[in-house]
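# 3D, please:
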Amino acid sequence: QVQLVESGGGLVQPGGSLRLSCAASGRIFSINTMGWYRQAPGKQRELVAAITSGGSANYADSVKGRFTISRDNAKNTVHLQMNSLKPEDTAVYYCNADIRSRVTLKRSDYWGQGTQVTVSS
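Got it, this is the predicted structure:
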């Protein structure tokens, strides 16, 4: 009933930039926090950045000053602008959203399918 669809991953050289986007659709009453997580091979999934409906953002220390998260509440979208990319940023990036269903009015956590980001020369 609710879907998160990501786009924007790919291969980029060190120092380059990428912009990830995620769109939520379906029977949505409201969306609270939206965020991006990543998982590198052999590692646990970790929070990259998150943003509340009011626009308050927080970042992992490893990406502060390089990544910027933003959202468009009217379009139910969240974006992650990634600059000065490093090889250690290579991972599958997942969109996450805390969504209240229009049908049940219950809040649940939803995940996108993931998009690969590879930083390599």
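# Mind jotting down where the strands sit in this protein?
When secondary structure is read from DSSP state E, the chain shows strands at 2-7, 10-12, 18-26, 28-39, 46-51, 57-59, 67-72, 77-82, 91-101, 107-111, 115-119.
# what distance separates the second one from the centre of its chain?
Going back to what we said before, that points to strand 10-12. Using C-alpha atoms, centre = their mean, to the nearest Å, we find the averaged C-alpha position of strand 10-12 to lie 16 Å away from the chain's own average C-alpha position.
# repeat for the third one
Shown here is strand 18-26, whose average C-alpha point lies 7 Å from the average C-alpha point of the whole chain (C-alpha atoms, centre = their mean).
# now it against strand 67-72, angle please.
Between the axes of strand 18-26 and strand 67-72, defined by axes from the mean of the first three to the mean of the last three C-alpha atoms, to 10 degrees, the angle is 30 degrees.
# and if you look at the longest one?
Angle of strand 28-39 versus strand 67-72, following the same axes, to 10 degrees, is 170 degrees.
# Now tell me what touches strand 28-39 from outside.
Contacts made with strand 28-39 from outside it, assessed by C-beta atoms under 8 Å, 6 or more residues apart in numbering, are listed as 2, 20, 22, 24, 45-53, 69, 71, 73, 76, 78, 80, 89, 91-102, 105, 107, 114, 117. Glycine gets a C-beta too; all of them are placed from N, C-alpha and C.
# Please spell out the ChimeraX selection for the buried subset of those residues.
The command below creates a ChimeraX selection of those among the contacts of strand 28-39 that count as buried (16 or more other C-beta atoms under 10 Å):
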select :2,20,22,24,48,49,50,51,69,71,76,78,80,89,91,92,93,94,95,96,97,98,99,101,114,117
